[in-house]
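*Asks:* Got a predicted structure plus its sequence, pasted below:
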Amino acid sequence: MSQPPLVAAAASDSGLSGVRPSFGKVLVFGVGLIGGSFALALKAAAEVEEIVGFGRSLGSLKEALALGIIDRVGANAAQEAMDADLILIATPVGAIGEALARIAPTLGANTVVTDAGSTKSDVVAIARAVLGERSGQFVPAHPIAGAENSGAAAARAELYRGRKVVITPLAENSAAALARVRAAWAACGADLRELTPARHDEVFAAVSHLPHLLSFALVHDLALRDEHDTFFTYAASGFRDFTRIAASHPEMWRDICLANRAALLGELDRYRAELDDLRAALQAGDGDRLQAVFDVARRARRAWAEGAGAEVAASTPAATPHIAS
Ligand SMILES: NC(=O)C1=CN([C@@H]2O[C@H](COP(=O)(O)OP(=O)(O)OC[C@H]3O[C@@H](n4cnc5c(N)ncnc54)[C@H](O)[C@@H]3O)[C@@H](O)[C@H]2O)C=CC1
Ligand SMILES: O=C(O)C(=O)Cc1ccc(O)cc1
């Protein structure tokens, strides 16, 4: 790396000439919200010379070109991978293996590869299978920033500023490869964290994948009712908050749910047990129990929103064995 990214950005902002960007040629596979925002952020930080986009549809790549997100539409991934400095794979997780397969045979010895997938154990497994002895060049990542909107038109340079990006390094990553990928995400303004792939998937099953599944389920159930218009007419801001994420991309979420199926099933079972507990309290007219659960949840939610983390002691007396365990 020629310069620490933010130093180089500051130098270029202040008008100093002769400071080279940290990355020459960057390939982005999947130039949508996440890939497009990464491209725009590297450009805004003056950390890249050229961004070449690859994707499934020429139409969306042309849109990304017109929006100034990429500099060229790539035609030959294998050829471009030979001398790329950095490659980001930002397709739905089910397509990451296919993108890796396109670059694997010709991947340059000094090229580093990262991804943005919402799941990590499956991505690591496919990367090792496809890249073989080159898997050390792949440093997995997951930006915890996004939205229910998708596509290149939703991309913005500021998306990652101050937001966490979880890196799940591999034992075979060299210190240099890890540093290059960390530098790229840091140049986007991210707050870098590290987890193992397995721990990552457990955590995100609970705080991201399950909430999306629940939101899709609620809206699906209402949408299929005969008088769904009446329900939606009267839905207020609580419904809006709970269901915003049900407007997320169905294909992307299909892939995430399937990729993290084991952890998600575990979280779903816990949630069902929680619902059973609340149902039993409701049926028994046990207002104390309802209020005790709501009180713990309210304090945890408020502490989290205030940035203190959810460190409220779970002091609710357990009504059922599953809560006590
Ligand atoms: N949307 C979000 O809030 C977040 C998404 N992610 C992850 O980032 C990745 C991308 O998500 P978004 O940018 O939101 O989706 P998006 O739908 O905005 O962009 C995905 C892009 O990948 C392209 N694509 C789809 N299948 C492909 C294939 N087989 N080969 C090549 N290109 C293909 C699409 O044409 C599109 O341009 C996913 O893996 C997702 O799990 C991670 C963090 C947040
Ligand atoms: O829209 C939202 O609030 C999100 O939760 C965005 C999001 C979606 C997928 C991820 O892996 C990370 C963040």
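*Replies:* It's in. Ligands and ions are numbered 1, 2, ... in the order given.

*Asks:* what residues does this structure put near ligand 1?
*Replies:* Residues of the chain lying close to ligand 1 (CB under 6 Å from any ligand atom) are 29-35, 55-57, 60, 90-93, 95, 98-99, 116-118, 143, 146-147, 150-151, 249, 252, 256. Every C-beta, even on glycine, is put in place using the N, C-alpha and C of the backbone.

*Asks:* Any of those residues buried? List them.
*Replies:* 29-35, 55, 60, 90-93, 95, 99, 116-118, 143, 146, 150, 249, 252, 256 (16 or more other CB atoms under 10 Å).

*Asks:* Next step: these restricted to helices.
*Replies:* Using DSSP state H, the members of those that fall in helices are 33-35, 60, 99, 252, 256.

*Asks:* And for Ala129, the neighbour number?
*Replies:* Residues near Ala129, counting by other CB atoms under 10 Å, number 13.

*Asks:* Just list the residues touching the nearest residue to it once chain neighbours are set aside, thanks.
*Replies:* Nearest residue to Ala129 in three dimensions, chain neighbours excluded: Gly97, at 7.6 Å (CB to CB, 6 or more residues apart in numbering). Neighbouring residues of Gly97 by CB atoms under 8 Å, 6 or more residues apart in numbering: 126-127, 129-130.

*Asks:* Looking at these, spot the one nearest Asp229.
*Replies:* Ile126 (43.3 Å; CB to CB).

*Asks:* Tell me if the closest one really is in a strand.
*Replies:* No: per DSSP: H, G, I helix; E, B strand; the rest coil, Ile126 lies outside any strand segment and is helix.

*Asks:* Grab the nearest non-local neighbour of it.
*Replies:* Per CB to CB, 6+ apart, closest to Ile126 is Gly97, 4.0 Å.

*Asks:* Kindly provide the distance from that neighbour to Ile103.
*Replies:* 11 Å (CB to CB, to the nearest Å).

*Asks:* what is the mean pLDDT for the helix ranked longest in the chain?
*Replies:* Longest helix in the chain, counting residues (DSSP H): helix 261-283. Averaged over helix 261-283, pLDDT sits at 98.

*Asks:* Ok, stretch 31-41 next?
*Replies:* 98.

*Asks:* That one near ligand 2 at all?
*Replies:* No: for stretch 31-41 and ligand 2, the contact criterion (CB under 6 Å from any ligand atom) is not met; the two come no nearer than 8.6 Å.

*Asks:* and that stretch, C-alpha only, in CSV?
*Replies:* Extracted C-alpha coordinates of stretch 31-41, given in CSV (Å, rounded to 0.1, in the frame of the first residue of the first chain):
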residue,chain,number,x,y,z
VAL,A,31,-22.9,-3.0,-9.0
GLY,A,32,-26.0,-2.5,-6.9
LEU,A,33,-26.6,-0.7,-3.6
ILE,A,34,-23.6,-2.3,-1.8
GLY,A,35,-21.1,-2.6,-4.7
GLY,A,36,-22.1,0.8,-6.1
SER,A,37,-21.7,2.5,-2.7
PHE,A,38,-18.2,0.9,-2.3
ALA,A,39,-17.2,2.2,-5.7
LEU,A,40,-18.5,5.7,-5.0
ALA,A,41,-16.8,5.8,-1.6
